[in-house]
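> sequence and predicted structure, then a few things I'm wondering about:
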There are 2 protein chains.
Amino acid sequence: MALVVQKYGGTSVGSPERIRNVARRVVETVRAGNQVAVVVSAMSGETDALVALAREVGGEDPVPREYDVLLATGEQKTIALLAMAIQRLGQAARSFTGAQMGMRTDTAHTRARIESIDRDVLLETLRGGSVAVLAGFQGVDEAGDITTLGRGGSDTSAVAVAAALGADLCEIYTDVTGVFTSDPNVVPRARKLARVSFDEMIEMASLGAKVLQIRSVRFAMRYGVRLHVRSSFVPDEGTWVVPEDEVMERLVVSGVTYNRNEAKIRVRGVKDVPGVAARLFTPLSDQGIVVDMIIQNLSQDGTTDLTFTVPRGEYKRSLAIALRTAEELGAHVEGDTAIAKVSIVGLGMKDHAGVASRMFQILADEGINIQLISTSEIKVSVVIEERHTDTAVRALHAAFVEAGAAAPRPEV
Amino acid sequence: MALVVQKYGGTSVGSPERIRNVARRVVETVRAGNQVAVVVSAMSGETDALVALAREVGGEDPVPREYDVLLATGEQKTIALLAMAIQRLGQAARSFTGAQMGMRTDTAHTRARIESIDRDVLLETLRGGSVAVLAGFQGVDEAGDITTLGRGGSDTSAVAVAAALGADLCEIYTDVTGVFTSDPNVVPRARKLARVSFDEMIEMASLGAKVLQIRSVRFAMRYGVRLHVRSSFVPDEGTWVVPEDEVMERLVVSGVTYNRNEAKIRVRGVKDVPGVAARLFTPLSDQGIVVDMIIQNLSQDGTTDLTFTVPRGEYKRSLAIALRTAEELGAHVEGDTAIAKVSIVGLGMKDHAGVASRMFQILADEGINIQLISTSEIKVSVVIEERHTDTAVRALHAAFVEAGAAAPRPEV
């Protein structure tokens, strides 16, 4: 008998009919001889409706404590409905809000971090033969105040529950059939990966793949929780996210991702003296703005250029801050929102030199100019003009994934 | 400085604009120098939508535990929104779910009874200068499971909070301007009462007046909580519900009510021996059916007739039960749903004989036949054909309220 954690996203529980469908899946899993804990999101559309209501009543900046009380109702609705639907199929079930399952978090409303879970109450429920139906996305802090984990937090809830329960497996049910080598909407020949390593998945998630929330993958990696990403609408196997040593097919490039949600800010003519970068970036981080790529040009005539990217939603605020700092530094600021970040990700890069330069050549052949470059052990990202995004993604996918297939294991 | 509990019903918080309106009222009350705890219902329409969802997913008889988890989201939404709206006006506020305020109830899901409230956490909030915004209708049982108090339970929540906090006053804000001598939709000349006693209010609530939930009035009477029923849309004084000795104007009839929600069942030819009534009514109460009026005719030829009324929604079940019992007793059963109960209520009846017979005469003058009669110290109820309801109510109001006005204090 295995202990399985299943997580169903908003689309999977988006209507009464879909909730009944999820209930059938859950009951099948129980009848196959497993103990099952189910983590659910709010019904699709629900969270957006609550956010709209919060803005209408609470203004642009509603009190975070109350915002969390409001948003938490979304998942509470789903757990009650799913528990009813499961019981209607003759299988015992019991719902738990974040508070009821002892999902303790820190006090950072709207983006809280999980600290602990009351595993005993959940294990007792499972051992008693009931399905535990758990509200994702929400918890309580030390004072008993309701907190939420931020968008996509239900993935993290599911992984945290799986880790706390020592589950054999955490299934993430979603509206796609798995993790693809690229966005099928852009690259029709993108294919589903059978397995992908935690590291690759983390890079892909942070670079624009929307299938899993990055914090949840980090969490899964840290606690060794095996993830299976699959569709709630079809029964096919999805993609397994597993430790690196379980990935048989060590692809040079397992994913080509893109992200149109960044903006670029360039600060020109900065005196090249120690402490300048800190003066520029500290005010941004003080405002909670997460800077992604940072490139500093070689110094010329004692001045240098600093270019960085920020989430597009933070562009205006970031530009204003950069302008203030630049004034103090006697520098100039330029901004550009019409950019995209395109990346290739693959474990095989560790063993293969020349992947980055091959990428640059492919883009050059397409006449695409590269504005910024950033690399890590298993990815290369470039910033290009936004209008070239699809062309770039397709060309890279064709060259690295469709033609390249698996890289040969290097000789050791 | 007074401690005021305010309760706003679903219509009063039925839209973002109305929630902002309530926030303004609350802040005005604070700025007038009071400590304020606010109890709110779900936004109007919300509970009905949740009930529909429960039936769609959970079937005709959704699991009560989960039904309560679902319904409790309605009030949780309102407390978050109202707390935001209050804070937006520059006044500190803090929301509390049933669990967070320690609203402990028994375990009777969907119709739980309040056992205790954690007054300390609320008093601390009020003393700290914040408004406490409390979810009505909901609580938690010993095991931490969410419970609800049943329809209209928010009134009871408010009175319980007022009692626990030793509040000076409990204001019930609703969509009418107070308690009327009759339903203004039926009797255009019905007038608002300035004061009404707890006893009268309890009778009126149980006889069909919808302005206050009867359990809340009983609770208020037991704990001496002064209620002020008033409109959330206009600033006028409403109706005070107070102990009998504070009612100056001791009306013979302060209210003419009607109730079209009952049905009548008659069991004919029952042997008139001890234990027959118990055999008839025990199976009904075992099924949770609350029988209202019971009339037993004088025995003739050793047999008797028993007639009783039940809520119309329970009519079919009740009839089936009565048929089974009647078969055992060799008796016959007849049912009728086209009935109405019309009542007159007034403290002054204690001092005046002949009120009942005057009522019967008025109805006779209108050609209305009386089917059943039941009386208490301060009310007389009759069951008549439903089609005569409006005529009966108007005639009784004209005779007792419009013409009668205040009865003279009796000589003692």
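It's in. Fair warning: this is a prediction, and the values are worked out from it, not measured in the lab.
> how about the helices in the stretch 251-400 of chain A?
A:276-286, A:315-329, A:355-365, A:389-396 (DSSP state H, counting those that start in this stretch).
> what's the most buried one of those helices?
helix A:389-396 (a mean of 20; mean count of other C-beta atoms under 10 Å in any protein chain shown). C-beta coordinates here come from the backbone N, C-alpha and C atoms, glycine included.
> contacts for that helix?
The contact list for helix A:389-396 (C-beta atoms under 8 Å, 6 or more residues apart in numbering or on different chains) reads A:182-183, A:186-187, A:253, A:256-258, A:260, A:340, A:342, A:344, A:359, A:362-363, A:365-366, A:368, A:384.
> one more time with 6 Å
Counting contacts by C-beta atoms under 6 Å, 6 or more residues apart in numbering or on different chains, the residues outside helix A:389-396 that touch it are A:182, A:186-187, A:256, A:258, A:340, A:342, A:344, A:362-363, A:366, A:368, A:384.
> reformat those as a markdown table; add distance to A:Thr156 and pLDDT.
Below are those laid out as a markdown table (distance: C-beta to C-beta, whole Å; pLDDT from 0 to 100):
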| residue | distance to A:Thr156 | pLDDT |
| --- | --- | --- |
| A:Ser182 | 25 | 93 |
| A:Val186 | 27 | 94 |
| A:Val187 | 28 | 95 |
| A:Val256 | 26 | 95 |
| A:Tyr258 | 24 | 94 |
| A:Ala340 | 27 | 96 |
| A:Val342 | 27 | 95 |
| A:Ile344 | 26 | 95 |
| A:Ile362 | 35 | 93 |
| A:Leu363 | 35 | 93 |
| A:Glu366 | 38 | 94 |
| A:Ile368 | 36 | 93 |
| A:Ile384 | 31 | 94 |
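> let's have these in CSV, adding distance to chain B.
Shown next, in CSV, are the contacts of helix A:389-396 (distance: C-beta to the nearest C-beta, whole Å):
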residue, distance to chain B
A:Ser182, 37
A:Val186, 37
A:Val187, 38
A:Val256, 40
A:Tyr258, 37
A:Ala340, 37
A:Val342, 41
A:Ile344, 44
A:Ile362, 51
A:Leu363, 48
A:Glu366, 50
A:Ile368, 47
A:Ile384, 42
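> run through the bridge partners of the nearest residue to A:Val276 once chain neighbours are set aside.
Nearest-residue entry for A:Val276: A:Val270, 5.4 Å, with adjacent residues in sequence omitted and distances by C-beta to C-beta, 6 or more residues apart in numbering or on different chains. On the basis of DSSP bridges, A:Val270 takes part in beta bridges with A:Thr304.
> ok but A:Asp48 is inside a strand, no?
No - if the criterion is DSSP: H, G, I helix; E, B strand; the rest coil, then A:Asp48 is helix and not within a strand.
> contacting residues for A:Asp272?
Applying C-beta under 6 Å, 6+ apart to A:Asp272 gives the contacts A:299, A:302, A:304.
> out of those residues, grab the one that's most surrounded.
A:Thr304 (20 neighbours; other C-beta atoms under 10 Å in any protein chain shown).
> contact partners for it?
A:270, A:272, A:296-297.
> got it, and A:Ile384?
A:340, A:368, A:392.
> from these, which single one is nearest B:Glu328?
A:Ala340 (81.7 Å; C-beta to C-beta).
> and A:Leu53, its phi and psi?
phi -60, psi -40 (degrees, to the nearest 10).
> for it, the count of nearby residues, please.
Count around A:Leu53 with other C-beta under 10 Å applied: 20.
> tell me how far it lies from chain B.
In this view, A:Leu53 and chain B are 6 Å apart by C-beta to the nearest C-beta, to the nearest Å.
> for A:Ala398, same thing?
If you go by C-beta to the nearest C-beta, the gap between A:Ala398 and chain B works out to 46 Å.
> read off the pLDDT value for that residue.
For A:Ala398, the pLDDT comes out at 95.
> for it, give me its contacts.
Applying C-beta under 6 Å, 6+ apart, no residues qualify as near A:Ala398.
> so which of the contacts of A:Thr304 are in strands?
Among those, the members falling in strands (DSSP state E) are A:270, A:296.
> circling back: which of the helices of the stretch 251-400 of chain A sits closest to A:Met84?
Taking these one by one with C-beta to C-beta, helix A:389-396 is closest: 43.6 Å.
> report the inter-axis angle for the closest one versus helix A:355-365.
With axes from the mean of the first three to the mean of the last three C-alpha atoms, to 10 degrees as the basis, helix A:389-396 and helix A:355-365 are set at 130 degrees to each other.
> which non-adjacent residue is nearest A:His109?
Nearest to A:His109 is A:Pro64, by C-beta to C-beta, 6+ apart, at 3.5 Å.
> tally of neighbours for that neighbour?
17.
> same check on the one 10 residues further on?
By the measure other C-beta under 10 Å, the count of residues near A:Gly74 is 27.
> so which strand or helix has it?
helix A:64-88 (DSSP states H and E).
> need the contact list for A:Ala167.
Here A:Ala167 is in contact with A:3, A:5 (C-beta under 6 Å, 6+ apart).
> separation between it and A:Val5?
5 Å (C-beta to C-beta, to the nearest Å).
> now do A:His228
For A:His228, the distance to A:Val5 - C-beta to C-beta - is 10 Å.
> comparing those two, which shows the higher neighbour count?
Set A:His228 next to A:Val5 and count neighbours by other C-beta under 10 Å: A:Val5 wins out with 29 against 18.
> apart from its neighbours in sequence, what residue is nearest the more buried one?
Once flanking residues are discounted, A:Val5 sits nearest to A:Ala162: 4.1 Å by C-beta to C-beta, 6+ apart.
> look at the one you found and give its secondary structure.
Going by three-state DSSP: A:Ala162 is helix.
> returning to what we had before: need the contacts of A:Thr304 in a markdown table (columns: pLDDT and distance to A:Ser318).
Output for the contacts of A:Thr304, formatted as a markdown table (pLDDT from 0 to 100; distance: C-beta to C-beta, whole Å):
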| residue | pLDDT | distance to A:Ser318 |
| --- | --- | --- |
| A:Val270 | 86 | 16 |
| A:Asp272 | 77 | 22 |
| A:Gln296 | 78 | 17 |
| A:Asn297 | 77 | 19 |
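> I'd like to know which of the contacts of A:Thr304 are buried.
A:270, A:272 (16 or more other C-beta atoms under 10 Å in any protein chain shown).
> tell me how far stretch A:83-101 is from the chain's mean position?
27 Å (C-alpha atoms, centre = their mean, to the nearest Å).
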